[in-house]
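# got a sequence here, can you model it:
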Amino acid sequence: MLLSQQSPEGDSVRALDLSDFDLRLERYRIIQPKAEQLMAKSLLKYSQLAPVVYCQLEGSLVLVDGFKRLRAARTLKAISSLQARLLPVDEQSAKAAIFNLNRITSRPNELEESWIIYALVHDDGLQQTEVADMLGRHKSWINRRLALIERLTDEARQALRLGLLSPTQARHMTQLPRGNQNSAMQCATEHALSSRELSETVRLLQACSTGEQTQFVLEKPREAIRQSQDGYVHQWDPRLSTAGNRAARRLGFLLDAATKMNHWLRLTGRSELQACDRHLLVSSFTKLQQESSLLGESVGDFIKELKLP
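Numbering: from 1, shown residues only. As a prediction, this is how the structure comes out:
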C-alpha cells in the first residue's frame, strides 16, 4: 500500500489495492460494459485523473464512488491499486453520497436514483420526507423515483443491474404489469430487440385483448410491429375519390406522428430532455397543445357532418 498524500481540498488520499474495497454498495449502480471498456482505455492512456471515494464501515473500506474505474482497473494487468479518498459517513449517508457525488459530473440515471431511494426507505426505514431532505429533492420527486423501481420485477432489476437490460429498456418495462414483464424481457433477449423495438413491443402488449394476440407479439415482435405501423400507411383505395385518398393519406401521416409523439411524451420525453431543452421547447409544446385542442374541435364537427344523410 502506498503512502498517503493530501488532495488540494485537504482530504487524505491514499492508494488502496484493488482487492481492498468492499463492494456492498455496488448494487445501486448499473453495470455498463461499453463504458467500462472506454474507462480502461482512459486509465491506460491518462492514468487515474481523480480518486475514488470510500468510507469505513465495520472495519471495511466500502467503495462509495468509482465502481466503473475499479471494474475497469481490474481488467488491466498494469494497475494494482487506485488512489482513494476517505469520506467520513455512515451507511445511510454513503448511499446518499452515491447520488450527491455524481449530480454534476455523471449523474446516476433515474433507475439508479430509484435504487438508492428504495434502499433508504425500505432497508434503512427512512420516511420519504427524510430522504427528500437528505438528497435535496421534493417529496413528490422521491415518490416518483420510488414507484419506478417498485414497478420492476426482481428478475428485471437484476438484469438491469448486470447490464443485460438497458435503463431505457427498463423504463419501457415499467409500463407493463409485473406479471408480464419477465415474458417481455425474455422476448427482448431472444430477439435482440433494440430499445425502440422493445418500446413498440410494450405498446402492442398493452393493447392486446386476447391471449392469442399476446402470444403473437411475444413470438414475432418485429412482424407485429410492422403490421401495427402498416395500419397508418394509406394505400390507394379505389372506393375513394382523389380528394378522399389525399385526405386518408394526410390522416395516416397525422395519426402516425400523433401516436409517436404521445408515446415519446409518456415514456421517454421527460427523462431525455435537458434543462436547456425544456426552456427553449416550452413555447412549441404550448402551441402544440393549443393546435391539438383546435384540431379536436374541428374533427368533432367534421365527424358530425360526415354522419349526416
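
# tell me which residues of stretch 32-46 come out buried.
By neighbour count on 16 or more other Cβ atoms under 10 Å, the buried set for stretch 32-46 is 32, 36, 39-40, 43. (Each C-beta comes from the backbone N, C-alpha and C, glycine too.)

# tell me the average confidence for that stretch?
The pLDDT scores in stretch 32-46 average 89.

# how about stretch 69-76?
93.

# send over it as CSV, restricted to the C-alpha atoms.
The C-alpha coordinates for stretch 69-76 follow below in CSV (Å, rounded to 0.1, in the frame of the first residue of the first chain):
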residue,chain,number,x,y,z
ARG,A,69,-13.0,2.8,-12.5
LEU,A,70,-12.5,-0.1,-10.2
ARG,A,71,-14.0,-2.7,-12.6
ALA,A,72,-12.0,-1.2,-15.5
ALA,A,73,-8.8,-1.3,-13.4
ARG,A,74,-9.3,-5.0,-12.6
THR,A,75,-9.2,-5.8,-16.3
LEU,A,76,-5.7,-4.2,-16.6
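
# how close does Met134 get to Leu126?
Met134 sits at a distance of 8 Å from Leu126 (criterion: Cβ to Cβ, to the nearest Å).

# shared neighbours of the two, anything?
92, 120 (Cβ atoms under 8 Å, 6 or more residues apart in numbering).

# where is the longest helix in this structure?
helix 275-306 (DSSP state H).

# domain assignment for this protein?
Following automatic domain parsing, the chain resolves into domains at 1-103, 231-271+283-306.

# if we can go back for a sec, list the buried ones in the longest helix of the chain?
Going through helix 275-306 with 16+ other Cβ under 10 Å, nothing comes out buried.

# next one: that helix to chain centre, how far?
When distances are taken as Cα atoms, centre = their mean, to the nearest Å, helix 275-306 is centred 28 Å away from the chain's centroid.

# so which bits of stretch 190-210 are buried?
Along stretch 190-210, these residues count as buried under the neighbour rule (16+ other Cβ under 10 Å): 191, 193, 195, 197-205, 208.

# quick one: which of the residues you listed is nearest to Gly179?
When these are compared for distance to Gly179 (Cβ to Cβ), Leu205 comes out closest, at 11.4 Å.

# my read: the closest one touches Val217, true?
Yes. Leu205 is within contact range of Val217, at 5.6 Å (criterion: Cβ atoms under 8 Å).

# coming back round to it: now distance to Val64 too, for the buried residues of stretch 32-46, in TSV please.
Formatted as TSV, the buried residues of stretch 32-46 follow (distance: Cβ to Cβ, whole Å):
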residue	distance to Val64
Gln32	18
Glu36	18
Met39	17
Ala40	21
Leu43	19
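
# so Val89, which of the three states?
Per DSSP: H, G, I helix; E, B strand; the rest coil, the secondary structure class of Val89 is coil.

# before we move on, what about Val13?
strand.

# if we can go back for a sec, which one of the buried residues of stretch 32-46 is nearest to Leu280?
Nearest to Leu280 among those, with distances taken as Cβ to Cβ, is Gln32, at 29.3 Å.

# need the contact list for the closest one.
68, 163.

# phi and psi next, for it.
phi -130, psi 90 (degrees, to the nearest 10).

# hmm, back to that, what is the longest helix of the chain packed up against?
Under the contact definition 3 or more Cβ pairs under 8 Å, 6 or more residues apart in numbering; DSSP states H and E, helix 275-306 sits against no other helix or strand.

# that's all I had, so thanks and see you.
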